Each structure stands twice: as structure tokens, then as C-alpha cells.
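Asks: Below are the sequence and a predicted model for it; my questions follow.
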Amino acid sequence: MTIAAATSDTLDRFTAIVGEKNAVRDAAEMAPRLVENRGLYHGASPLLIKPGTVEEVAAILKLASETGTPIVPQTGNTGLVGGQTPRADGTDIILSLERMNRIRDIDPVANTIVADAGCILDDIHKAASTVERMFPLSLGSQGSCRIGGNLATNAGGTAVLAYGNMRQLCLGLEVVLPTGEIWNGLRRLKKDNTGYDLRDLFIGSEGTLGVITGAVLKLFPVPLGHQVAFAGLGSTEDALKLLEMASNLCGTALTGFELMPRIGVEFTAKHIPGVRDPLEKPHDWYALIDISTSDSEETAETMMQSLLERGFEAGLVEDAVIAASEAQRQALWHMRESMSDAQKPEGGSIKHDVSVPVSKIPEFMATAEKAVLAAIPGARICAFGHLGDGNIHYNISQPVGADKAEFIGRWRDMNEIVHGIVLSLGGSISAEHGIGQLKRDELAAIRPGIEMELMRRIKHAFDPAGIMNPGKVLAAR
């Protein structure tokens, strides 16, 4: 079927499904939904529709398949690779799940919560806390990102080390297929070996195979002990040795181990209100260490003190502070979660969301720094992230006084340099942000031909009309 711009009559038919008040055609009202979070992609759309039920989503997709109308699913619009942004040709209709934000069920005995895909992540956290449980996915955008988008991109966040990413945090899904059929896979089982795992196929598919409308998510008991420390280190090699020490000492109680550079801490203290470096002197690198225990605060405190003492004795830790209250713990995490935003006042920033084997991180950091500075002398490298799972946000801020547009124009050049080093070390060019538009062509260039062909076959099997988020992950045909 040919994909084409919807006629006025077709737009009226879509509007009739959700009602006039839930259909937006005004350009000014729609404008915030047409731009990607970092401003890299600007799209156009004739219509934004907000279904309120699974049945309305099904009717929308059935009509879209019949008329050849492309659909772009969108939840919180916090994605960073343009996967949620309509194309610039103005043919894509935006399907927003913001009205589908109901907590359907919560079971503290089974440790599950069933939620609409439009639920804001923070609201999931709050709902879990009412039954003395926690949902461990933690993101800087958790006040606005929504569960459907978290699932569609297989979000990771700061607690992957202990709890895994969204694939590990989800038991079942409800999905509307491009044909309008509804797959109810809201199973609450931890063991279910009955055929292909369709759940894992939709998670991470970025809205190209169907629309996730609901999910069964795993909950966990709230830890009784919680300690957070901020340590100054001399090198990434020291950070890696301290991580190994922490893993050996704490085991599964080690719930977070974040690596931050001096420049990142300086940017954050300079530009984010209320943030300050808690250590007396600057250090080349910093580690944010999070320990959670199931028995008592005393156990967590003992673990953290023992870890830092051993770190000092081994010459790995130069200075450290342990948060003395929940407010201080949140302040330390706020510094880490604000690090990306703190780069904005410094001018242009070229971003990379990569992962390498944990043991290769020092080699990656050293090799990439040398190559980047050779290409752009004076560039300021702000590389930080989840050391425990190998995910580094390798961000490059423009040289002081440089032209922002000219610097951003080097985006692809920097990608080629950084991603080339990542791939040479057996890493991935996308750790947790997805592919979207930003890395679509690069994905096709680096993956084996048979792998790309299998992806295209899967896409065609689920979406023969080609209406689902065309041009994302795979090139539109």
C-alpha cells in the first residue's frame, strides 16, 4: 500500500474515533510535539490524536492500515534519537497515549503493577510506594517520561546494575497491532516457556511494530538500608578497581556505581541551582556509589564504610563523603542526573550513548579522548555514566568561544570517531536511547546483512502496510 498524506476526509474519520476535544490540528498547540528533546529533529503533522481506550487505539490503527496513513506513537516526548518525532513531510499523524494513564492493578504479594502505557514514570513510583514497594527504573526525565516510551526504547537508567533494564522489569504487555488487532499478553508469570517471546520483540522496537498500551511491571520490596557515597578518584583505572572491590564486598546490595569526570561536576555545580561539589578539593574523576540492603540501615552503613576504608587503603579513593540523610542522598543523585542538562549553557554538545565491556572502559576513555581532541582541539569531553554496566554517555562540549552551529555540524564526524572506537572494543553504538532517526543509517552500515534482513522481515510481518513509525530504526520502503 502507498503511504501518503491523509485527506481532509480521512483526518475527519480519525477525529471521529477520539472526539473533537481529543484531536488537535492547530499548529501552535501541536508545536511542542513536533520537535525532539535536543532540537535535532523538527517534524510536521496534520493531526495529533489522543485515544482514551485500547479500543480507540485499535480503531485508529485499523483505519491507518486501510488508508495508508503513517502513525507515530508518542508518550512523554523525552526520547533522544528522534524516534518519537514525526517526519518533516507532514504525512505522519501523532498518536499520543497521554490520556491512557491509569494504574489498573497493584499486587504487593506478587510484586506486580499493571499500568497503562501513558502512565508517567514518577506516578508508577508513587503508586508502588503506597504498598511499600518500589519500581527501580530511575531516569532524569521520570517526571515526564511515560511507561510506553520506556518500554519502546528498553530504557535502562541508573539501577540497571542491580535490577536490569525494562526487558528485565516487564512481565507482560498489551499491544495493538497495525491491523487493529489487540494482543493481550498481560501475563504475570516469571516462568512461561510457551513459544516465541513476543514481549521481548515489542520492547525496544520503538513503535515500529505496534503500539504498547499496557504492561505488567515488576515491583520490589523497599530496601531497609540505603547508603550513598561520593568518592574522588585519580583515574578511570582506579574507578574500575573500586567497582570490582564493591562488587566483591557488596554483591547484589550494590545498586549503583556511576562514573563522573571533574568537568561534569564543575558544569553541574556552576549551572544547576543547589548543586555543589561536596568534597574539599577537585579530583580528576568521581564515583557515586549506591548500596541498598534488605535487612537494616546498619548493614548498609557497615558495607559502605568498609568499602571506602578498603578503597583508601588500596590508594584508589582520594577523598569521600557518605550522605548523612535522605536529602543528602537525593542531592548527590541530583548532581549525577543533572549532568547532561548542565552542558547546555556551555554551548553545543555532541552526544553519544554507548556501551563497552566494563573492563574496556579505561581503554575506551583514553583512546577516544586522544582521537576527539586531535579532531577538535579544545573540545571539552564530559563522559559519564553507568560504570557498573558499561554504559557511558560520551558527550563532547564545544571549545570555549567556538561557533555552536559549526561545532554541531561536526556531529557525524564525531560519531564516526567515537563509534568506531566503541565497535573496535566490542561495544554498542546505542546502550539505552535506541536507534530512532539518529542512528538508523549507521545501524544498517554496521550490522551484518542477514541481521538487517531479519529485522525487515519482522517489520513486514507485523506491519505489511508500513504505517508504524516509518523511517525509524529501519529505512522506510
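Replies: That came in fine, so what should we check first?
Asks: So what's the residue count around residue 20?
Replies: Neighbourhood size, residue 20 [other Cβ atoms under 10 Å]: 10. (Glycine included, C-beta is placed from N, CA and C.)
Asks: ok, it - contacts?
Replies: Listed by Cβ atoms under 8 Å, 6 or more residues apart in numbering, residue 20 has no contact partners.
Asks: before we move on, what about residue 415?
Replies: The contact partners of residue 415, taken as Cβ under 8 Å, 6+ apart, are 350, 352, 429, 442.
Asks: Which single one of these is nearest to residue 230?
Replies: residue 352 (24.7 Å; Cβ to Cβ).
Asks: and the residue lying closest to that closest one once chain neighbours are set aside, what does it touch?
Replies: In space, and not counting its chain neighbours, residue 352 is closest to residue 394: 4.0 Å by Cβ to Cβ, 6 or more residues apart in numbering. Residue 394 sits next to 351, 352, 354, 368, 381, 383, 418 when contact means Cβ under 8 Å, 6+ apart.
Asks: which ones among those are found in helices?
Replies: Residues of these located in helices (DSSP state H): 368, 418.
Asks: for the contacts of residue 394, which one is nearest residue 164?
Replies: Looking across the contacts of residue 394 and measuring by Cβ to Cβ, the closest to residue 164 is residue 354, at 18.9 Å.
Asks: How about the closest one: what's its closest non-neighbour residue?
Replies: residue 422 (4.7 Å).
Asks: If we go by neighbour counts, what in the strand or helix carrying the one you found is buried?
Replies: If you go by DSSP states H and E, residue 422 is part of helix 411-424. Of the residues in helix 411-424, 411, 414, 415, 417, 418, 419, 421, 422 count as buried by neighbour count, 16 or more other Cβ atoms under 10 Å.
Asks: Tell me which helix or strand comes right after that helix.
Replies: helix 440-446.
Asks: Run the chain-centre distance for that next one.
Replies: Centroid displacement of helix 440-446 relative to its chain, using Cα atoms, centre = their mean, to the nearest Å, is 20 Å.
Asks: tell me what it is packed against?
Replies: Contacts defined by 3 or more Cβ pairs under 8 Å, 6 or more residues apart in numbering; DSSP states H and E place helix 440-446 against helix 411-424.
Asks: hey, C-alpha coordinates of the helix it packs on in CSV?
Replies: The C-alpha coordinates for helix 411-424 follow below in CSV (Å, rounded to 0.1, in the frame of the first residue of the first chain):
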residue,chain,number,x,y,z
TRP,A,411,28.2,15.6,14.8
ARG,A,412,28.5,12.9,12.2
ASP,A,413,32.3,13.2,12.2
MET,A,414,32.5,12.8,16.0
ASN,A,415,30.0,9.8,15.8
GLU,A,416,32.3,8.1,13.3
ILE,A,417,35.3,8.6,15.5
VAL,A,418,33.7,7.6,18.8
HIS,A,419,31.6,4.8,17.5
GLY,A,420,34.5,3.3,15.5
ILE,A,421,36.4,3.0,18.8
VAL,A,422,33.4,1.6,20.6
LEU,A,423,32.9,-1.1,17.9
SER,A,424,36.6,-2.0,17.9
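Asks: Spit out the contact partners of the one residue sitting closest to the centre of the chain.
Replies: The centre of the chain sits closest to residue 155, judged by Cα atoms, centre = their mean, with a distance of 3.9 Å. Neighbouring residues of residue 155 by Cβ under 8 Å, 6+ apart: 137, 139, 145, 149, 165, 166, 432.
Asks: I figured the last one hits residue 390, correct?
Replies: Just to be clear, that refers to residue 432. No. Using Cβ atoms under 8 Å, residue 432 makes no contact with residue 390, being 11.0 Å away.
Asks: quick one on the thing from earlier: taking helix 411-424 as reference, get the angle to the strand or helix carrying the residue nearest to residue 352.
Replies: For residue 394, the element it lies in under DSSP H and E is strand 391-397. Calculated by axes from the mean of the first three to the mean of the last three Cα atoms, to 10 degrees, strand 391-397 forms an angle of 150 degrees with helix 411-424.
Asks: one step back: just say helix, strand or coil for the residue nearest to the centre of the chain.
Replies: coil (DSSP: H, G, I helix; E, B strand; the rest coil).
Asks: Strands of the stretch 151-300 of the chain, residue ranges please.
Replies: 170-176, 182-185, 211-218, 220-221, 225-233, 254-261, 285-293 (DSSP state E, counting those that start in this stretch).
Asks: Generate a markdown table for those, with mean neighbour count, mean pLDDT and distance to residue 45 as supplementary columns.
Replies: Formatted as a markdown table, these follow (neighbours: other Cβ atoms under 10 Å; pLDDT from 0 to 100; distance: least, Cβ to Cβ, whole Å):
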| stretch | mean neighbour count | mean pLDDT | distance to residue 45 |
| --- | --- | --- | --- |
| strand 170-176 | 23 | 98 | 20 |
| strand 182-185 | 16 | 97 | 25 |
| strand 211-218 | 26 | 98 | 16 |
| strand 220-221 | 14 | 96 | 39 |
| strand 225-233 | 23 | 97 | 43 |
| strand 254-261 | 23 | 97 | 37 |
| strand 285-293 | 25 | 97 | 40 |
